[in-house]
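# need the 3D shape of this:
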Amino acid sequence: MSDKSPTSRKMLTPERIKFAQGFAVVGLSLGLASAVTFLLSLIAARVLDPAQFGAFGALISATLIASTVGLAAQLVAAREVSKTDEKSRPLATSRILGASYFRAALVGVVTAAVFVPVGIALEIPLLGFVLNGLSVGAWYLGFVLIGLAQGHESHTRLAFANFAVVVTRYVGGFIGLFWLQSVNGVGIGFFVGTLFSVLFGWLIVRPLRVKRTSWFFASPRTVVNASVALLLLYALTNVDVLLARLFLSPDKSGEYAVGALAAKIAFFLPATVMMMLYPRMAKESANKATNLALAMTLAISVVSVSASWFFGESLVQILGGIRYEELATEIWIFAAEGSAFALVQVLLWSGLAAEDKKVVFLVTAGVIALVLIVSFWANTGILPIVLTTLGVSLTLALIGLFLPRPKVTSFAPAV
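Sure thing, here's the model as predicted:
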């Protein structure tokens, strides 16, 4: 008699086993990469004084907002490859990659130019900030490489590509921080580290392509639409730090930046869920994949908020040290804020996979509402800003759950 029941055999299908193995590998990669990114912030909170750390937090937030064009390119690349039949994928990969080099250069130049007035307004040291802006262009190419591996659902290659593109950049940031012990040092380190990160990522993804015959990577309009959507998401998840920098004292903005680290942890914890399930959202199983992503994200969010509630004092000491101990009773609110961001992200990515703009309009309204409420009313301290951000984000998530989802159909584009 077989040891396994028919029910267990049905549950342990080869596809589910492969998915579980891929989830573990990609999850480990994302976990290690996230640990490195947060470790930089933890060390910076101790190396830099509160005013400098406020500038560091603004640099990180501005960079995340600017890098949304790269994340958009990743999602578009993953969507286009996943919708292509397997035999045509190497050629599609080559064409997408070839078309990305010029766009990466353009993104870098434009971002650096925009960062000049932003750096002046937010009092961020310009040399490192502008060089960091240039590195966003190279990071755009790194995101495309991750998207290609994601679209192929080559989980091991995806894990290594993500680790190489993210970690190598932040290693540069560590070196710059320890070398110059300043925000300028971090920006210069990011610039050098990103160049190496893209090289390593390219070597990892290279076997997925064929020799180039022509270049094509969606229409610029497709990438721009996705960029706008993700820019709005990252504006939602980072604008509170920038608003705190504008309306609070330098020391209080540094304190808020420490709290925002807890929000970032809660926001990025479910990252593996989206990395694994997004290609499926671009296929006919879109609604099933979206519901599964929402359920898994909600479960992870409950754990992260509960942990921050019970271990708030320890979490604050880990994130910023004893000088920020006043945040201990409020840190769970930042974690709840990040969890709400994660739910909004699932709904937005699902909309992007289906090329549906309803969620984009919803997030647009949320960002405008958040900026207006904080600018004209809720700007008297840390608590009003974070509570406003949490309230807006939860409202967006609840409304998004009830929006009708369009049907997604697979296709194999001509190549």
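
# which residues touch residue 248?
The contact partners of residue 248, by Cβ atoms under 8 Å, 6 or more residues apart in numbering, come to 256, 379, 381-382, 385. C-beta coordinates here come from the backbone N, C-alpha and C atoms, glycine included.

# tell me how many other residues surround residue 121.
Neighbourhood size, residue 121 [other Cβ atoms under 10 Å]: 12.

# before we move on, what about the one 5 residues further on?
Using other Cβ under 10 Å, the number of residues around residue 126 comes to 16.

# that one and residue 116 touch, don't they?
Yes: with contact defined as Cβ atoms under 8 Å, residue 126 counts as touching residue 116 (6.8 Å).

# quick one: contacts for residue 292?
Residue 292 makes contact with residue 277, according to Cβ under 8 Å, 6+ apart.

# so where does it fall, helix or strand?
For residue 292, the host element (DSSP states H and E) is helix 286-310.

# residue 60 now?
Taking DSSP H and E as the criterion, residue 60 maps to helix 50-66.

# right, and the helix or strand after that helix?
Going down the chain from helix 50-66, the next helix or strand is helix 68-82, by DSSP H and E.

# and residue 65, how far from residue 227?
Residue 65 sits at a distance of 11 Å from residue 227 (criterion: Cβ to Cβ, to the nearest Å).

# how about residue 243?
For residue 243 relative to residue 227 (Cβ to Cβ), the value is 22 Å.

# what residues does stretch 41-54 touch?
For stretch 41-54, the external contacting residues (Cβ under 8 Å, 6+ apart) are 56-57, 60, 174, 177-178, 181-183, 186, 245, 250-251, 253-258, 261, 318-321, 323-324.

# now the helix holding residue 60, how far from the centre of its chain.
Distance, stretch centre to chain centre, for helix 50-66: 15 Å (Cα atoms, centre = their mean, to the nearest Å).

# give the buried residues for that helix.
Neighbour counts over helix 50-66 (16 or more other Cβ atoms under 10 Å) mark 50, 52-66 as buried.

# please apply the same query to stretch 361-371.
In stretch 361-371, the ones that count as buried by 16+ other Cβ under 10 Å are 362-364, 366-367, 370-371.

# what's the most distant pair in those?
Across those, the longest distance by Cβ to Cβ is 15.5 Å; it joins 362 and 371.

# just for the stretch 301-415 of the chain, where's the confidence low?
405-415 (pLDDT under 70).

# now the strands for it?
Using DSSP state E, counting those that start in this stretch, no strands are found in the stretch 301-415 of the chain.

# which stretches of it form helices?
Residue ranges of the helices in the stretch 301-415 of the chain, as given by DSSP state H, counting those that start in this stretch, are 312-319, 331-353, 358-376, 382-401.

# now the stretch 151-300 of the chain
With DSSP H, counting those that start in this stretch as the criterion, the stretch 151-300 of the chain has helices at 155-180, 183-205, 220-247, 250-268, 271-281, 286-310.

# by contact count, what packs against the second one?
Read that as helix 183-205. helix 50-66, helix 126-151, helix 155-180 (3 or more Cβ pairs under 8 Å, 6 or more residues apart in numbering; DSSP states H and E).

# likewise the longest one?
In terms of contacts (3+ Cβ pairs under 8 Å, 6+ apart), helix 220-247 is packed against helix 50-66, helix 68-82, helix 89-122, helix 250-268, helix 331-353, helix 358-376, helix 382-401.

# I'd like the next helix or strand past the lowest-mean-pLDDT helix or strand in the chain.
Here the helix or strand of the chain ranked lowest by mean pLDDT, DSSP states H and E is helix 6-11, holding a mean of 52. Using DSSP H and E, the helix or strand that follows helix 6-11 in sequence is helix 14-47.

# could you give the angle of that next one to helix 312-319?
80 degrees (axes from the mean of the first three to the mean of the last three Cα atoms, to 10 degrees).

# average pLDDT across helix 14-47?
Here helix 14-47 scores 81 as its mean pLDDT.

# quick one: residues contacting residue 370.
By Cβ under 8 Å, 6+ apart, the residues touching residue 370 are 236, 239-240, 388-389, 392.

# tell me how far it lies from residue 378.
For residue 370, the distance to residue 378 equals 9 Å [Cβ to Cβ].

# picking up where we left off before, closest to residue 73 out of the helices and strands packed on helix 183-205?
Taking Cβ to Cβ, helix 126-151 is the member of the helices and strands packed on helix 183-205 nearest to residue 73, at 5.0 Å.

# ok, residue 319 - contacts?
41-42, 45, 258, 261-262, 331.

# of those, which is the most crowded?
Top of these by neighbour count (other Cβ under 10 Å): residue 262, with 29 neighbours.

# do I have it right that it meets residue 331?
Yes: Residue 262 is within contact range of residue 331, at 5.2 Å (criterion: Cβ under 8 Å).

# shared neighbours, those two?
Common neighbours of residue 262 and residue 331 (Cβ under 8 Å, 6+ apart) are 308, 315, 319.

# from those, pick the one nearest residue 277.
residue 308 (25.2 Å).

# and for the closest one, the neighbour number?
Residues contacting residue 308 under the criterion other Cβ under 10 Å number 26.

# for it, which non-adjacent residue is spatially closest?
Nearest non-adjacent residue to residue 308, counting by Cβ to Cβ, 6 or more residues apart in numbering: residue 335, 3.8 Å away.

# and that neighbour, how far is that from residue 303?
10 Å.

# which of these two has more neighbours?
residue 335 (27 against 12).

# what's near enough to touch that one?
Neighbouring residues of residue 335 by Cβ under 8 Å, 6+ apart: 262-263, 265-266, 304-305, 307-309.
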